[in-house]
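Novice: The following block contains a protein sequence and its predicted model.
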Amino acid sequence: EVQLVESGGGLVQAGGSLRLSCAASGLIFADYAIGWFRQAPGKEREGVSCISSSDGSTYYADSVKGRFTISSDNAKNTVYLQMNSLKPEDTAVYYCAADLYRLTRIPNYWGQGTQVTVSS
C-alpha cells in the first residue's frame, strides 16, 4: 500500500521560509514522480511543483518559480519542498501526491495534507 506522509507546515510571517517533507512508503521510489499540490479556501487545487525520482527533472508553477525548490532524497524515500520568500497568497493546504513515472493532473496517491499559513 502506497502511503505519503507530509510534515513541516505551520504559521510563518510573510517573507519567511518553511520546508515541507513528504515521506513515501509502499512503492519503488525511483519509479515514481512525486509532487505538491495546494488548495486555498474557495479556490481550485493548484499544482505547485513535482520531481521525477528517476532522473531528477522538476516542474514549478509560475507562481512559485524562484521561491520554491523541490528535491528528493532517494535513500530516505522523501521529497522536500523548500519554500522561501513566502507570501500570504501561498496560504493553503499543501498535499503531496505521487504517480508512477509521471505526475498527472489527478494523481493516484495522495497524502493527508499539511496547512501552511503565511501572515502579512
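Specialist: Cool, the structure landed.
Novice: Which residue ranges of this structure form strands?
Specialist: For the chain, strands defined by DSSP state E occupy the ranges 3-7, 10-13, 18-25, 32-39, 46-52, 58-60, 68-73, 78-83, 92-100, 109-110, 114-119.
Novice: Setting aside sequence neighbours, what's the nearest residue to the spatially most central residue of the chain?
Specialist: Centroid-nearest residue in the chain, with CA atoms, centre = their mean: W36, separated by 2.7 Å. Among residues not flanking W36 along the chain, V48 sits closest, at 4.4 Å (CB to CB, 6 or more residues apart in numbering). Bear in mind the C-beta positions are built from the backbone N, C-alpha and C, glycine included.
Novice: same deal with T117?
Specialist: L11 (4.7 Å).
Novice: Show the model's pLDDT score for that neighbour.
Specialist: pLDDT recorded at L11 is 98.
Novice: what about it, how many neighbours?
Specialist: Using other CB atoms under 10 Å, L11 has 12 other residues around it.
Novice: heads up, I number from 627, so please use that
Specialist: Taking 627 as the first residue, the last one we looked at is L637.
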